[in-house]
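S.K.: Below: sequence and its predicted model.
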Amino acid sequence: MIACLFLCAACAQLALLPISPIIAALSSLPDRDTSEQIIAMEKKQDWPGLVRYAQAKLNVNPRNSDWWFLQGYALARQSKHTEAIAAYQQALKISPEDESSWLYLGYSQRETGQSDVAIRTFSQALRHRPESAITHLALADTYAKQKQFDRAIPSYRESVRYDPGLREGWYGLAVAYHSAGLRDRRDEALQGLRKLDPRAADEFERLYLK
């Protein structure tokens, strides 16, 4: 279920609520009481409560990867990334092809300074779903943070190829081209960004071109 996170119907149904797509996906569970409790805790940003809730579910069924993922997500929102990593790894032991667990594992690894490990994790996620624009973006951002712009550029390009409306991908691509000294390519990426978000394009020009 979580593997379809960014395409799930629940995300559209709950778009008006101030909740994350992670919880929107989890809230598609058939148990309405469970869904409502998850949504309520997310809206209150009750991350300790979500950890306890996930643990209670795991005490009943420790082989449910969704609850391991939820626990990891709630821990990460508290910046407890080392603990979150352990929870995501448990989720992947149960569901080794779960894209979201790979993706958020990589985020937490990056937050703990393990950028090289995160790169391997994002690459593993792409083996399971190579068309994932958001994972290509995460990989590109990690390369960019290491100033490996020659490697970031192909990943940014893949992110906007699979999702032409991904403004973060266009912005990152423009920055990477600029940092690599590829001005013509930078301007092409900037045009793509401007079509989606003129304010973001103006911000790019203010930061990098003036």
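M.R.: Sure thing, it's come through. Numbering: from 1, shown residues only.
S.K.: which SS state does residue 66 fall under?
M.R.: helix (DSSP: H, G, I helix; E, B strand; the rest coil).
S.K.: Read off the pLDDT value for it.
M.R.: Looking at residue 66, its pLDDT stands at 89.
S.K.: Give me the distance between it and residue 74.
M.R.: 13 Å (CB to CB, to the nearest Å). Glycine gets a C-beta too; all of them are placed from N, C-alpha and C.
S.K.: In terms of packing, which of these two has more residues around it?
M.R.: The neighbour count for residue 66 versus residue 74, taken as other CB atoms under 10 Å, is higher for residue 74 (28 against 22).
S.K.: buried sites along stretch 68-88?
M.R.: Buried residues in stretch 68-88, counting neighbours by 16 or more other CB atoms under 10 Å, are found at 68-77, 80-81, 83-88.
S.K.: Can you get me the start-to-end distance on it?
M.R.: End-to-end distance for stretch 68-88, by CA to CA, to the nearest Å: 6 Å.
S.K.: List of residues touching stretch 68-79?
M.R.: The contact list for stretch 68-79 (CB atoms under 8 Å, 6 or more residues apart in numbering) reads 2, 22-23, 26, 38, 45, 47-48, 50-51, 53-55, 57-58, 81, 83-88, 90-91, 94, 98, 100-101, 104-105, 107-108, 111.
S.K.: Filter those residues down to the buried ones, PyMOL style.
M.R.: Buried residues among the contacts of stretch 68-79 (16+ other CB under 10 Å), as a PyMOL selection:
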select buried, resi 2+22+23+26+38+47+50+51+53+54+55+57+58+81+83+84+85+86+87+88+90+91+94+98+100+101+104+105+107+108+111
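S.K.: count of neighbours near residue 150?
M.R.: Neighbourhood size, residue 150 [other CB under 10 Å]: 11.
S.K.: which stretches of this structure aren't confidently modelled?
M.R.: Within the chain, the segments meeting pLDDT under 70 span 1-33.
S.K.: Let me see the ranges of the strands in it.
M.R.: For the chain, strands defined by DSSP state E do not occur.
S.K.: residue contacts, the closest residue to residue 117 other than its chain neighbours?
M.R.: Excluding the flanking residues, the one nearest residue 117 by CB to CB, 6 or more residues apart in numbering is residue 109, at 4.9 Å. Taking CB under 8 Å, 6+ apart, we find residue 109 in contact with 81, 85, 115, 117-118, 121.
S.K.: try 7 Å this time
M.R.: Going by CB atoms under 7 Å, 6 or more residues apart in numbering, residue 109 touches 85, 117-118, 121.
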